[in-house]
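J.: Sequence plus the predicted model coming up.
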Amino acid sequence: MASQLKRPVTLSARDREELLRLTTTGVHSASSIRRARVLLALDTSVGEPDPKEVIADRLEVSGEMLRLVARRFAETGGDVLATIGRKKRDLPPVPSPVTGEVEARLIA
């Protein structure tokens, strides 16, 4: 049994080229590059991927990260850029105690 993933990652040729370009050229965040490398390693379109333990050791990531990247790829419907990018936060976790009225009093 090779990769043992519940959610196989299948990349198109265009997505694969884009990920290769992202990992080798330009300036990108380390986390984006790491996720791109994970997607390339988990890709089933070029053959059977290595077992997840081998991939994790080779990329120096945890098995949990492999699972999370594969899950996010499935959740985004196969959108590579959404998978490697950061999630946007909907709202701040705690509303700001400084309202317009408080701000006006501070300025006055």
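T.: Thanks, I have the structure now.
J.: isn't Gly18 right up against Thr83?
T.: Careful, residue 18 is Glu; it's not Gly. No - between Glu18 and Thr83 no contact is recorded; they are 11.6 Å apart, counting by C-beta atoms under 8 Å. (C-beta placed from N, C-alpha, C; glycine too.)
J.: more crowded one of the two?
T.: Between Glu18 and Thr83, Thr83 has the larger neighbour count (other C-beta atoms under 10 Å), namely 24 against 16.
J.: helix or strand for the more buried one, which one?
T.: helix 80-84 (DSSP states H and E).
J.: which other helices and strands contact that helix?
T.: helix 13-24, helix 30-42, helix 63-75 (3 or more C-beta pairs under 8 Å, 6 or more residues apart in numbering; DSSP states H and E).
J.: That helix - what's its average pLDDT?
T.: The pLDDT scores in helix 80-84 average 89.
J.: can you start the count at 37 instead of 1 from here on
T.: Happy to do that; since the first residue is 37 now, the last one works out to helix 116-120.
J.: and the next element down the chain from it?
T.: Next element after helix 116-120 (DSSP H and E): helix 136-143.
J.: Can you name the residues in contact with the least confident helix or strand in the chain by mean pLDDT?
T.: In the chain, the helix or strand scored least confidently by mean pLDDT, DSSP states H and E is helix 136-143, which has a mean of 86. Residues from elsewhere that reach helix 136-143 (C-beta atoms under 8 Å, 6 or more residues apart in numbering): Val134.
J.: any idea how far that helix is from the chain center?
T.: 41 Å (C-alpha atoms, centre = their mean, to the nearest Å).
J.: for stretch 78-89, same thing?
T.: That offset, for stretch 78-89, works out to 17 Å (C-alpha atoms, centre = their mean).
J.: Quote the end-to-end distance of that stretch.
T.: Distance across stretch 78-89, first residue to last, is 12 Å (C-alpha to C-alpha, to the nearest Å).
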